[in-house]
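Peer 1: Got a predicted structure plus its sequence, pasted below:
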Amino acid sequence: MRNRTRVTAPVAALIGTATALTVGSPAFAAGRGSGDGTAGRGYGDEGAETLGDPVFPSLGNDGYRVRSYDLDLAYDATTKLVDGTVTIELRTTESLTRFSLDALGLDIHEVRVQGRGADFEQADEKLRITPAGTLPAGARVTVCVEYSADPGRAAAPTGGWVVTPDGFAVCGQPNLAHTVFPCNDHPSDKADFTFRITVPDGLRGVANGQPVCTERLDGDRTAFSYRSRSPMATELVQLTVGDYVVKDRPGPHGLPLRDVVPTARAAALEPALALTPGLVDWLEQRLGAFPFETYGLLPCNSDDPNAFDFTGLETQTLTLYKPNFLLQAENRIGSHMMHELVHSWFGNSVSPATWADLWLNEGHADFYGLLYRYERGWPDSLGLTTMEARMKNTYARGDQWRQDSGPVAAPNAANLFDSQRYLGGVLVLYALREFIGEDTFHAVERAFLTRYRDSSATTEDYIAVASKVACQDLSGFLRDWLYGTTTPRMPGHPDWTVTPVTPSLAVPHSRTGGHYHDNSATL
């Protein structure tokens, strides 16, 4: 979960293009283009420098699909700098004389394509690569980029690095993975990942997935290697270096759980970490088996309020937190820990095909997080103790939120992470459950997760699965809830009313004093 959006230069162009999203036209643009009206027309032998995302139109690159990334990073504790090599295996989808990767704030030293030196240039957020010869369509191609990065220069909130006193962690969501490594930075192009992190003695390097090997090197250094067994979106990558201890514990059905914890705070954090097995068990009963090889928490070694301005981030298999949040009592953290765990299914296993589909991530995470809260009798931030009471309260705000932030499934870059994607998404799911019944709703959820596991899905994909499982056409019902400019009637609750819109409140309700805050109702 993020609590605010990331907009990179040119800001006006990004927001202007995003707001041009046509309400009621939910599908990802079939034609790929530059976002300037050339989508689908073709670029000759130069791959298009966009995947046509409606929220972040400059993200991603066309002309190929990535098969795998191998990231090899070395951290210097004296200079606080990182030297990196990323080796990318891709398959071309057309003949290419030039192609691009997303890259920003990185010092590129060398690029090789198929082992041969390639010309390159950096422009805006693109690394443009011209190989020695034309790449034919359908070819498997290896691209190697050597680079260096200064995490302090590219730190959050404007970059994807979280600087800590003893190292770093990363937070790439939604559009900043390419400030950490050159990549095709869009969730629709998921790939396999391997990692190698070299650190000086006394520090540990950790990444997504499970450990492969540990190597002792000259110069009092150690290299830690990891592999993710499932494909991953670039925004879900986690790389962290610090004085950490790894705590292993068994989860349900033999699932290995792994927490990466600041050594000095391991004992204090244990009560929160011990909650994870019960959370996984509760959710597996509703959504099916955990979709990855491991899960755990990374309370990175910083409570600096400027380190990052969100509570938790669902990097795949390893959720990022600030330690102080997890030192609270269970009734203050359990619901939000559930929210982040839900993302393993909705957001990580099934990623959004575009950022306009974010409600699928955040709506589901808050939906199950709130159910978990109310089952335990923990009052929410409004003092309410049932889902029905919270949804009635949210329903009353529906028209105001649609005016302030647009429909649930039609965000722009400025309001992507506001309450409409979170609680507004919960309200859509609640309405669907009321309309088709609880048993059918649960069948829809499992069918969707099974159908799109390890891939990406659109809002239209969810509508199609729901219609098939429910044996009725739900497209009109769900599109009204997702794209309508007014709030539909709530099934089963004819007495619920919507508060009239107040023009003076028509400002993005995700901001307070100009700063973004967490919009999850599970906090």
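Peer 2: It's in.

Peer 1: switch to C-alpha atoms for all contacts and neighbour counts from now on
Peer 2: Will do.

Peer 1: Point out where this structure drops to low pLDDT.
Peer 2: Scanning the chain for pLDDT under 70 picks out the ranges 1-44, 504-517.

Peer 1: What strand or helix carries residue 257?
Peer 2: Using DSSP states H and E, residue 257 falls within strand 256-262.

Peer 1: Tally up the residues packed near residue 141, please.
Peer 2: Neighbour count for residue 141, taken as other Cα atoms under 10 Å: 18.

Peer 1: quick one on the thing from earlier: tell me the helices and strands packed up against the strand holding residue 257.
Peer 2: strand 244-250, strand 297-299 (3 or more Cα pairs under 8 Å, 6 or more residues apart in numbering; DSSP states H and E).

Peer 1: let's go with 10 Å and repeat that
Peer 2: Contacts defined by 3 or more Cα pairs under 10 Å, 6 or more residues apart in numbering; DSSP states H and E place strand 256-262 against strand 204-207, strand 239-242, strand 244-250, helix 266-273, helix 276-287, strand 297-299, strand 319-321.

Peer 1: Would you mind pulling the contact partners of the longest one?
Peer 2: Right, helix 276-287. With Cα atoms under 10 Å, 6 or more residues apart in numbering as the test, helix 276-287 has contacts from 249-253, 255-257, 259, 288-291, 295-297, 334-335, 337-338, 341-342, 345-346, 368-369, 372, 442-443, 445-447, 449-450.

Peer 1: what does stretch 106-120 give?
Peer 2: Applying Cα under 10 Å, 6+ apart, the contact partners of stretch 106-120 are 83-89, 98-100, 121-122, 125, 127-133, 135, 140-151, 153-154, 178-182.

Peer 1: just the helices in the protein please.
Peer 2: 11-18, 266-273, 276-287, 323-326, 330-342, 359-375, 387-396, 398-405, 419-436, 438-451, 459-470, 475-483 (DSSP state H).

Peer 1: Which positions in the second one come out as buried?
Peer 2: Along helix 266-273, the positions that meet the burial threshold by neighbour count (16 or more other Cα atoms under 10 Å) are 266, 269, 272, 273.

Peer 1: now swap in the fifth one and tell me
Peer 2: Going by neighbour count (16+ other Cα under 10 Å), the buried part of helix 330-342 is 332, 333, 334, 335, 336, 337, 338, 339, 340, 341, 342.

Peer 1: okay if I get these as JSON lines plus distance to residue 457?
Peer 2: Shown next, in JSON lines, are the buried residues of helix 330-342 (distance: Cα to Cα, whole Å):
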{"residue": "332", "distance to residue 457": "32"}
{"residue": "333", "distance to residue 457": "29"}
{"residue": "334", "distance to residue 457": "28"}
{"residue": "335", "distance to residue 457": "26"}
{"residue": "336", "distance to residue 457": "24"}
{"residue": "337", "distance to residue 457": "24"}
{"residue": "338", "distance to residue 457": "22"}
{"residue": "339", "distance to residue 457": "20"}
{"residue": "340", "distance to residue 457": "19"}
{"residue": "341", "distance to residue 457": "19"}
{"residue": "342", "distance to residue 457": "16"}
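
Peer 1: follow-up on the earlier one: now, of the contacts of helix 276-287, which are buried?
Peer 2: For the contacts of helix 276-287, buried by 16+ other Cα under 10 Å: 251-252, 255-257, 259, 290-291, 295-297, 334-335, 337-338, 341-342, 345-346, 368-369, 372, 443, 445, 447, 449-450.

Peer 1: Now do the contacts for the nearest residue to residue 178 once chain neighbours are set aside.
Peer 2: In space, and not counting its chain neighbours, residue 178 is closest to residue 103: 4.7 Å by Cα to Cα, 6 or more residues apart in numbering. Going by Cα under 10 Å, 6+ apart, residue 103 touches 122-128, 176-185.

Peer 1: Could you do residue 224 as well?
Peer 2: Contacts of residue 224 (Cα under 10 Å, 6+ apart): 72-73, 195-199, 204-207, 211-216.

Peer 1: go again using 8 Å as the cut-off
Peer 2: Taking Cα atoms under 8 Å, 6 or more residues apart in numbering, we find residue 224 in contact with 196, 197, 198, 204, 205, 206, 211, 212, 213, 214, 215.

Peer 1: and the gap between it and residue 239?
Peer 2: Per Cα to Cα, to the nearest Å, residue 224 is found 11 Å from residue 239.

Peer 1: Please apply the same query to residue 130.
Peer 2: Residue 130 sits 29 Å away from residue 239, going by Cα to Cα.

Peer 1: cool, and residue 88?
Peer 2: Distance from residue 88 to residue 239, by Cα to Cα: 17 Å.

Peer 1: Who has more neighbours out of the two?
Peer 2: More crowded of residue 88 and residue 239, by other Cα under 10 Å: residue 88, with 24 against 21.

Peer 1: So that one sits against residue 140, correct?
Peer 2: No - using Cα atoms under 8 Å, residue 88 makes no contact with residue 140, being 10.3 Å away.

Peer 1: Just give me the neighbour total for residue 403.
Peer 2: Neighbourhood size, residue 403 [other Cα under 10 Å]: 18.

Peer 1: now swap in residue 91 and tell me
Peer 2: As a burial measure, residue 91 scores 20 neighbours (other Cα under 10 Å).

Peer 1: and it, what are its bridge partners?
Peer 2: Bridge pairing for residue 91 (DSSP bridges) gives the partners residue 65, residue 140.

Peer 1: for it, what are its contacts?
Peer 2: 64, 65, 66, 67, 138, 139, 140, 141.

Peer 1: Out of the residues you listed, give me the one that has the most neighbours.
Peer 2: Of all those, residue 64 has the most neighbours under the rule other Cα under 10 Å, reaching 24 neighbours.

Peer 1: Would you agree it is in contact with residue 95?
Peer 2: No - the criterion here is Cα under 8 Å, and residue 64 misses it with residue 95 at 9.4 Å.

Peer 1: ok, now how distant is residue 493 from residue 391?
Peer 2: For residue 493, the distance to residue 391 - Cα to Cα - is 11 Å.

Peer 1: which residues are common contacts for residue 224 and residue 239?
Peer 2: 205, 206.

Peer 1: returning to that earlier point: so which of the helices of the chain is nearest residue 166?
Peer 2: Distance to residue 166, taken as Cα to Cα, is lowest for helix 323-326 among the helices of the chain, at 14.6 Å.

Peer 1: just checking, what packs against that closest one?
Peer 2: In terms of contacts (3+ Cα pairs under 8 Å, 6+ apart), helix 323-326 is packed against helix 266-273.

Peer 1: quick one: contacts of the helix it packs on?
Peer 2: With contact meaning Cα under 8 Å, 6+ apart, helix 266-273 is reached by 245, 259, 261, 297, 323, 326, 327, 330.

Peer 1: quick one: contacts for the fourth one?
Peer 2: Just to be clear, that refers to residue 297. By Cα under 8 Å, 6+ apart, residue 297 lies in contact with 258, 259, 260, 261, 273, 318, 319, 320, 321.

Peer 1: and the fourth one, how many residues sit next to it?
Peer 2: Residue 261 is flanked by 24 other residues according to other Cα under 10 Å.
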